[in-house]
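[1] coordinates for the following, if possible.
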Amino acid sequence: MNLRVPPEVRRGVRDATPVALGLVPFGLVSGVAAVEAGLSFAQAMGLSVLVYAGTSQLAAIDLLGRNAELAVVVLTAVVINLRMTMYSASIAPYFRSFSARWKALCSYVLTDQAYALAIARYAEEQLDPAARRRYFLSAGFFIWFVWQVCTVAGVLLGTGVPASWGLEFAVPLVFLGLLVPVVSNAPAVSAAVVGGSVAVVGEALAVPFNLGLMAGAVAGVLAGVATEELTGEVPEAGPEEVEG
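    Below you'll find the predicted structure:
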């Protein structure tokens, strides 16, 4: 029986491998943080599979751990993932001939990494629709698989870690690790300072329903956009886990 794997499937997995390996620590932290927030194994994995977006997933876990209202959790995740609309618009011409079913499947595994890999690959040479689909889905689902495995490992690890290890600091440390490399220009600095300040003030004032974080996210986005308009400086793209 011929089990030959299509070339673009092999290429997608090969290109995605170094990216996926870079997500291992992030996925582990996501699983550990879910346990720290009080989620069961089923809840943690359900959230990981349904949301599948690194940064917004961690933000949702943090809010759930603080008993935030579900509406606040959802809105925060939506705001964080608004950039996906830009990715979708950019990559849409390559997917125009796909059926609605294939488009829906591609949208599920659309992440920063899958988008970047696909755009780079499509720019290399002219691929037919089937080849484009195979490349994107193989790269996207390989990254998805590694993320889920690492989340499972993190959940299992988290259940066996003593409380004295202070796992409650895992999420803030990851966010700091994501933030520092991208704060390299005026729009990014203003977004970080304004967003962080508003969120801290909201937390200090005990804003109901944990809306301080939501307000900080919105304020940060607005500050970054306003600064970009005033200075003409475009923020550089920074690293992102899986963000969905």
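[2] isn't residue 12 right next to residue 131, touching?
    No - in this structure, residue 12 is not within contact of residue 131 by CB atoms under 8 Å, at 10.0 Å. Where you see a C-beta, it was placed from the backbone N, CA and C, and this is true even at glycine.
[3] just the buried residues of the longest helix seen in the chain, please?
    In the chain, ranked by residue count with DSSP state H as the criterion, the top helix is helix 129-159. Neighbour-count burial for helix 129-159, counted by 16 or more other CB atoms under 10 Å, picks out 131-144, 146-148, 150-152, 154-155, 158.
[4] pull the helix or strand hosting residue 76 out as PDB, backbone CA atoms only.
    Secondary-structure element containing residue 76, defined by DSSP states H and E: helix 70-80. Once non-C-alpha atoms are left out, helix 70-80 reads as follows in PDB (Å, rounded to 0.1, in the frame of the first residue of the first chain):
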ATOM      1  CA  LEU A  70     -17.500  35.100  32.000                       C
ATOM      2  CA  ALA A  71     -18.400  38.100  29.800                       C
ATOM      3  CA  VAL A  72     -15.200  39.900  30.900                       C
ATOM      4  CA  VAL A  73     -13.100  36.800  30.200                       C
ATOM      5  CA  VAL A  74     -14.600  36.500  26.700                       C
ATOM      6  CA  LEU A  75     -14.300  40.200  25.900                       C
ATOM      7  CA  THR A  76     -10.600  40.200  27.000                       C
ATOM      8  CA  ALA A  77      -9.800  37.200  24.800                       C
ATOM      9  CA  VAL A  78     -11.600  38.900  21.800                       C
ATOM     10  CA  VAL A  79      -9.600  42.200  22.300                       C
ATOM     11  CA  ILE A  80      -6.300  40.300  22.500                       C
END
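[5] number the residues from 82 up from this point.
    Shifting the count to begin at 82 puts that one at helix 151-161.
[6] avg pLDDT for it?
    For helix 151-161, the mean pLDDT works out to 84.
[7] low pLDDT regions in the protein?
    Applying pLDDT under 70 to the predicted model, the residue ranges of the chain that meet it are 82-84, 240-264, 289-291, 294, 314-325.
[8] quick one: the helices in it?
    Secondary structure of the chain by DSSP H: the helices cover 88-103, 105-117, 122-132, 135-146, 151-161, 164-176, 181-189, 193-205, 210-240, 251-263, 267-285, 292-312.
[9] can you give me the buried ones in the fourth one?
    Applying a neighbour-count criterion of 16+ other CB under 10 Å, the buried positions in helix 135-146 are 135, 136, 137, 138, 139, 140, 141, 142, 143, 144, 145, 146.
[10] which non-adjacent residue is nearest the last one?
    If I follow you right, that is residue 146. What sits nearest to residue 146 in space, not counting adjacent residues and going by CB to CB, 6 or more residues apart in numbering, is residue 118, at 3.0 Å.
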